[in-house]
Structure formats: structure tokens, C-alpha cells
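A.B. asks: Have a look at this prediction, sequence included:
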Amino acid sequence: MGSTATAYLTGFGAYLPGDPVDNDGIAARLGGDDAVTERIRQRVLDANGIRQRHYALDEHGEPTELNEQLAVKALQAALDDRGIRAEDLRMLACATTMGDLLVPGFASMVHGRLGGGPMQTLTASGVCASSLAALDAAVSKIRLGDHPRAAVVGSELPSRSLRQRRFDGIRAGMDSHFLRWMLSDGAGAAIVEFQPHPTKPSLRVDWVRQVSLAHEHDVCMRAGMSGPEPIVGATWQDLDIAEAEAAGMFVLRQDVSMLDDLAEAGFRQFEELVDIGLVDVIHLDHVVCHYSTNAFRDLAFDALSRRIPNLNTDRWYSNLETRGNTGSASIFIALEEAWRTGRFKPGETVLLAVPESGRFSFAFAHLTVVAPPGQPA
Amino acid sequence: MTTDTISTADAAASVADSLADRLADVWVELEERLDRVPVLSRLAEGTVTLRDYERLLFNLRQQVVDGSPWISRAASNFDIEHFELRTAAIRHAEEEHRDYLMLERDYVAIGGSLAELRAGRKNLGSEALSGYMFHYADRSNPTGLLGAMFIIEGLGAKRAAGWAERFQEVLGLADNQVHFMQYHQEADSEHTGALEAILTSGIIDESAADEIVRCAQVVARLYALQLEELDN
């Protein structure tokens, strides 16, 4: 024997705090309105192509919500979409880059706020690809038959650490500006079940795959240390807080010179999926891809086109330009919007792709749209 | 040849043979009846729903929890002349008395509420079956209950795993969601082996055989009734 169940995504939710903020509204919230910063911001925005995003900050830059609140609102939206309650869940898998607290784990806080009954929790912490690591865990437990229903959420609230006060008096080069004018807040969630939605289409999860190449790559994105390598006795936990802050350890940084390598490694991972047969390019209908800036959209599109000859923009989806780059939340926010706006039809297949710069990780998931039971696919 | 010339051993063998034939007849009749039970015919057709499986587990659980108690009660009513049957009943009761926990885990694994399951009541068929078993177990030396074993363990050994496989096939269930039915194939095969040994050991006389057959007939009918009367 050894039979497993099948995992289906049956409900989707997203939460983006506050009104959308256009490019002119950023400085009021994050600061940095001096002429030099203004020029850098403009350059970064031109490159990333993001036209609007959301911040859990008011118009004066003061926080309006916690990260765990964003997560709960996205989860609630997904539960409502599916027509079930938190009490129906037996597992909650949460992905985030940084929770609100150092301790306890993010998923414990989200569960506490969400309510419901006893459930398994998992905090997948990392950067963007932690989203699919959380999905993988939930899908695996559903397939094992250990739980009938789970929820997955990716949630981020980086804005509070992107404000001017973090940057005053510290060295902030392109490694921090690039992220400062790119990242924003939001949460996206999905419900995972061992049965398809009884009356609406569902997304069957065919497989999830995550791979790290940290064994052959240095750190690309970091906070908590002053250089590219952690040093014993010199991480943010070792130093006085003021000292660590002065060393710029609380600023999120990305070595932008490594990003071309990251993109190249990501394409190789995709090609491997094709080569080993996990992706059948003839039958791949949609690609929902997370990328940090539009510069990578074109690169990715070209690279995928090499293997998918009839790839066109109708089959390619991202909402980066209007929802911003929300890290681990972004793949779920994109999936929710693509689903809600009716892009996918029963029988079609969807590839989710999430490259993570942190230290070179790549996650993919393959989904198939299935009609409700009793209806023709 | 007159009856006087037939040895005791031959007589016992002929009782055992005819008992096996009579029980086989009861079994055939039960199978025919099971084919007409709505939930089982939907299972066979492939139109069974998750709700059907959930209700089946819910209904079975209310009677399965009584399994070990009635076997224990029967054990206590076998006198020293029936020591072998007492031994078998004590062993069997011990083996069965945690079974319902497996069923409960399956029920929770498909999304059911443990609190609701545990607050459930028996359906009409389960009431009749359970009432009959306890009543029978109260008799002194309730040897006829071997007929009940023949039916209940037979269902476990011969049918449950097939049901589990078919539910998995139709509903896409994981092994973790059909433990109770899967497990009974192995466990009840052992039990039916032990039962077979008792029935052919020579300790069953003609009148005991009659009791066993009658008990098997009643239990077969009441077990099917339990499956017919889901939620009633």
C-alpha cells in the first residue's frame, strides 16, 4: 500500500494595508526627501517598474498594523472565499522574512490572533521562497492524510524598517537603497484541502520543489551582520544594540552585483524541471513568477521562451507593478489576483516560480485547475 | 453401519463439517444482503461521497466501542469447563478494546469533530446489535457467540480492506484516513484463524453448533441493519 491523498488549493485571500501609495507618496511615509536620496529613489523606481504599493504606515510614516495582523486578514479572506472558519483548520503554515517579534515564532502569534481550535503550526522563515516552503509543508501533511485542511500564508511588513530613522547616520549604498524603494507590505493566503472545492474549481497541487544553492553561493541579501560573512562575536546579537545599529546591521541589504548570477541560476533550475520532466512545456498554460523588479521580468521571460516557444504575455502573470514586491507574500498575492480575475480555466496548468536572493534558493510549484466534482474538466 | 459404530472423533468431525457448511450459508446470505445496503452499493458503483464515509465511520464507532465490553462479559460467563473459550474471549477482548481509537483518528483525519463523534448515539441497527450481544453474553457459557465472531470478524477479514481500498480509490483518501478498515484485514484474519481452530477442535457439540448458527444468523441480520439505518 502506501497511498496518499491529493492536495487542492480551495480558497484564496490577500490583504494589502491602506490605500495604494503611488511613487510620489513614498517619501511622505518612508522619508528620504533630500535631493540625493530623491535621485536614487527615482533611479530604483525606474528600474523596478513598481507604480504602486501598500504600506502599513499612515501618511506620517507611523505604523498602523502588525505583520501578524496582515497575515490574519489574508487568512480570513481565504477562509471566507472557501466558506469555512478558522475552527475547521488543523494546520497553519506561515512564511515571513521577519515577524513582529524575536520570540516566539510568527505562526504562534498568527494562530493566537486568528483563533480556531488546536492546530499544527509552522513558521517558515527565510525570504521570498519561504512562501513555497510553507506551502510544501502544508501540502505534504494533507497528502499524508494527517490533516484534512490547512492554511498557508505569506506575510511581510518591511516598511517600518525602511523609514529614514534606520538610515540616519549609517552608510547606505545601493545595497540598501535598492530594497528600500522596492519592498512593501502585504499578505496572501491559500486554503489547502484533501478534497477539491465542492462547487467551484480548485487548484490541484501536483508538486512543490525548493532547492538551495547556498553551498556554492555567498550571502546576497542580509541583515544582522556588517559584511557578507557572519563573524563569531560580531553579529547583531553579540554587539550592543546601539553599536549594531551604528554598524548598519538593522538595514536590509542586497548585493545587487550578484543578481545576474541569481537570475542565471534560477533559469538553470527551471531548465532542470523541464529536463527531468516535472514541467511539460507543451502542456504548461500559465506561469506566475515572483521577481523583484521588471528588469528581471524581461530576462526571465526571454529565458523561459527558450524552452516554451509559444510563451506569450497572456500566459505570464505578475502583479508587481500594482501590488509591489511583498517578499514571501507576493506569490500568494499574485496567485489570488490571477485566480479571482478568472485567468485560469479547468484543465489548465500553472507553474509558480519564486527565486530568492537571500543565499540563492529557488522554489517552484506545479498546479492544475480542476473542475468541481461531478462537472466535466 | 449404525450410529453405534461411529467413533466420537468422527462424530465431532461431522458436526464441524456441517457447522462450516451452515455458517457458509449464513455468510452467502449476508453478502447478498450487503450488496443491497445503499452505502455499500454506492461504494461499489463509485458514487459514494466523503459524507458517506464520514457517516459510516460515525455510525460504526458507536457500536465498535461496545465490542470489547461484550466480549469481556462473555469471557466472565464461561465456567471452568469452558476454559479454552474463556481464554480465547479474554485475549480477543484485549485485542479489540483500543480499536475504536483507530476509527476515531480516521474520522478526525477526514475533517470530523472528535467531540461530535464521541457525543454520537447508536443507530437503530447498532442498538439492536449491541443489545443482543450484551444480552447473549449474559448467558452462562454463551458458546453461541462464536457465531457472532464468525460474522463480525469475517466482515473485517474479508470485506473491510476492500471497502478501504474502494473508498481510497473513489475519494482519494490517504492510508492515514482508512486505518480502521485497513487494519481489520490483518487483525481479523488472525481472529478468524483462531475461531476456525476452536470450531474444528472437537469441543463444539451438536446443540452448541445450533446455537452458533442461530447467533450468526441474528448478528448477520443486525449488522446489515446497522449499515442500512445510518443516522437513524
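C.D. replies: Arrived safely, thanks for sending.
A.B. asks: Distance of the spatially most central residue of chain B relative to chain A?
C.D. replies: Centroid-nearest residue in chain B, with CA atoms, centre = their mean: residue B:152, separated by 1.1 Å. Between residue B:152 and chain A the distance is 23 Å, computed by CB to the nearest CB, to the nearest Å. Backbone N, C-alpha and C define where each C-beta goes, glycine included.
A.B. asks: what pLDDT does that residue get?
C.D. replies: Residue B:152 carries a pLDDT value of 91.
A.B. asks: Could you list the low-pLDDT ranges of chain B?
C.D. replies: Within chain B, the stretches with pLDDT under 70 are B:1-9, B:11-12, B:188.
A.B. asks: Around chain A, which positions in it sit nearby?
C.D. replies: Contacts of chain B with chain A, taken as CB under 8 Å from any CB of the partner chain, map to B:50, B:109-111, B:168, B:171-177, B:182.
A.B. asks: mind running it again at 10 Å?
C.D. replies: Residues of chain B lying close to chain A (CB under 10 Å from any CB of the partner chain) are B:47, B:49-51, B:105-106, B:108-113, B:115, B:161, B:164-165, B:168-169, B:171-179, B:182.
A.B. asks: List the contacts of the residue of chain B found nearest chain A.
C.D. replies: Nearest residue of chain B to chain A: residue B:174, at 2.6 Å (CB to the nearest CB). Listed by CB atoms under 10 Å, 6 or more residues apart in numbering or on different chains, the contact partners of residue B:174 are A:2-6, A:142-146, A:194, B:109-110, B:168.
A.B. asks: So residue A:51 is in contact with residue A:22, correct?
C.D. replies: Yes. The pair residue A:51 / residue A:22 is scored as a contact, 6.6 Å apart, by CB atoms under 10 Å.
A.B. asks: Assign the residue of the stretch 201-350 of chain A found nearest chain B to helix, strand or coil.
C.D. replies: The minimum distance from the stretch 201-350 of chain A to chain B, using CB to the nearest CB, falls at residue A:204 (10.1 Å). Secondary structure, DSSP: H, G, I helix; E, B strand; the rest coil: residue A:204 is strand.
A.B. asks: What is the neighbour count of residue 128?
C.D. replies: Picking chain A for this. Using other CB atoms under 10 Å in any protein chain shown, residue A:128 has 29 neighbouring residues.
A.B. asks: that's the wrong chain, I meant chain B
C.D. replies: Around residue B:128 there are 19 other residues, counting by other CB under 10 Å.
A.B. asks: Spatially nearest residue to it (excluding sequence neighbours)?
C.D. replies: Excluding the flanking residues, the one nearest residue B:128 by CB to CB, 6 or more residues apart in numbering or on different chains is residue B:222, at 5.0 Å.
A.B. asks: From residue B:132, how far off is that neighbour?
C.D. replies: For residue B:222, the distance to residue B:132 (CB to CB, to the nearest Å) stands at 6 Å.
A.B. asks: In terms of neighbours, single out the busier of those two.
C.D. replies: Between residue B:222 and residue B:132, counted using other CB under 10 Å, residue B:222 has the larger neighbour count: 22 against 17.
A.B. asks: In a helix, that one, correct?
C.D. replies: Yes. Counting by three-state DSSP, residue B:222 is located in a helix.
A.B. asks: That one contacts residue B:122, doesn't it?
C.D. replies: No. If you go by CB under 10 Å, residue B:222 and residue B:122 don't touch, sitting 11.5 Å apart.
A.B. asks: Find the residues that touch each one of those two.
C.D. replies: Counting by CB under 10 Å, 6+ apart, the contacts common to residue B:222 and residue B:122 are B:63, B:128, B:129, B:130, B:131.
A.B. asks: Are any of the residues you listed buried, and if so which?
C.D. replies: With burial judged by 16 or more other CB atoms under 10 Å in any protein chain shown, the buried subset of those is B:63, B:128, B:129, B:130.
A.B. asks: can I assume the second one sits in a helix?
C.D. replies: The reference is to residue B:128. Yes. Assessed by three-state DSSP, residue B:128 belongs to a helix.
A.B. asks: wait, what's in contact with it?
C.D. replies: B:63, B:122, B:218, B:221, B:222, B:223, B:225, B:226, B:229.
A.B. asks: What about residue 145, how many residues nearby?
C.D. replies: Looking at chain A here, since you left the chain open. Counted with other CB under 10 Å, the neighbours of residue A:145 add up to 24.
A.B. asks: To clarify, I was referring to chain B.
C.D. replies: Applying other CB under 10 Å, we find 27 residues neighbouring residue B:145.
A.B. asks: Was I right to think it contacts residue B:74?
C.D. replies: Yes. If you go by CB under 10 Å, residue B:145 and residue B:74 touch, sitting 5.3 Å apart.
A.B. asks: Give me the neighbour count for the closest residue to residue B:35 other than its chain neighbours.
C.D. replies: With sequence-adjacent residues excluded and distances taken as CB to CB, 6+ apart, residue B:35 is closest to residue B:41, at 6.6 Å. Residue B:41 has 13 neighbouring residues, counting by other CB under 10 Å.
A.B. asks: Contact residues of the stretch 151-300 of chain A facing chain B?
C.D. replies: With CB under 10 Å from any CB as the criterion, the stretch 151-300 of chain A meets chain B at residues A:193, A:194, A:195, A:196, A:198.
A.B. asks: Just to be sure, which of those are found in helices?
C.D. replies: Residues from these lying in helices, with DSSP state H as the criterion: none.
A.B. asks: Can you tell me which of these lies closest to chain B?
C.D. replies: Nearest to chain B out of these is residue A:195 (CB to the nearest CB; 5.9 Å).
A.B. asks: residues in contact with the residue lying closest to that closest one once chain neighbours are set aside?
C.D. replies: Nearest non-adjacent residue to residue A:195, counting by CB to CB, 6+ apart: residue B:50, 5.9 Å away. Residue B:50 makes contacts with A:148, A:194-195, A:198, A:373, B:110-111, B:167, B:170-173, B:177, as judged by CB under 10 Å, 6+ apart.
A.B. asks: let's go with 8 Å and repeat that
C.D. replies: Taking CB atoms under 8 Å, 6 or more residues apart in numbering or on different chains, we find residue B:50 in contact with A:195, B:110, B:171.
A.B. asks: One more: residue B:15?
C.D. replies: With contacts defined as CB under 8 Å, 6+ apart, the neighbours of residue B:15 are B:204, B:205, B:206, B:209.
A.B. asks: wait, is residue A:374 part of a helix?
C.D. replies: No. Judged by three-state DSSP, residue A:374 forms no part of a helix; its state is coil.
A.B. asks: Can you check the pLDDT for the closest residue to chain B within chain A?
C.D. replies: Closest approach of chain A to chain B (CB to the nearest CB) occurs at residue A:145, with a separation of 2.6 Å. On the pLDDT scale, residue A:145 is placed at 95.
A.B. asks: Distance check, the residue nearest to it when sequence neighbours are not counted against residue A:248.
C.D. replies: Spatial nearest neighbour of residue A:145, chain neighbours left out: residue B:174 (2.6 Å); criterion: CB to CB, 6+ apart. Residue B:174 is 49 Å from residue A:248, where distance means CB to CB.
A.B. asks: OK, contacts around the residue most central in space within chain A?
C.D. replies: Nearest to the mean C-alpha position of chain A, by CA atoms, centre = their mean, lies residue A:328 at 2.1 Å. Applying CB under 8 Å, 6+ apart, one finds that residue A:328 lies in contact with A:95-97, A:124, A:126-131, A:134, A:154-156.
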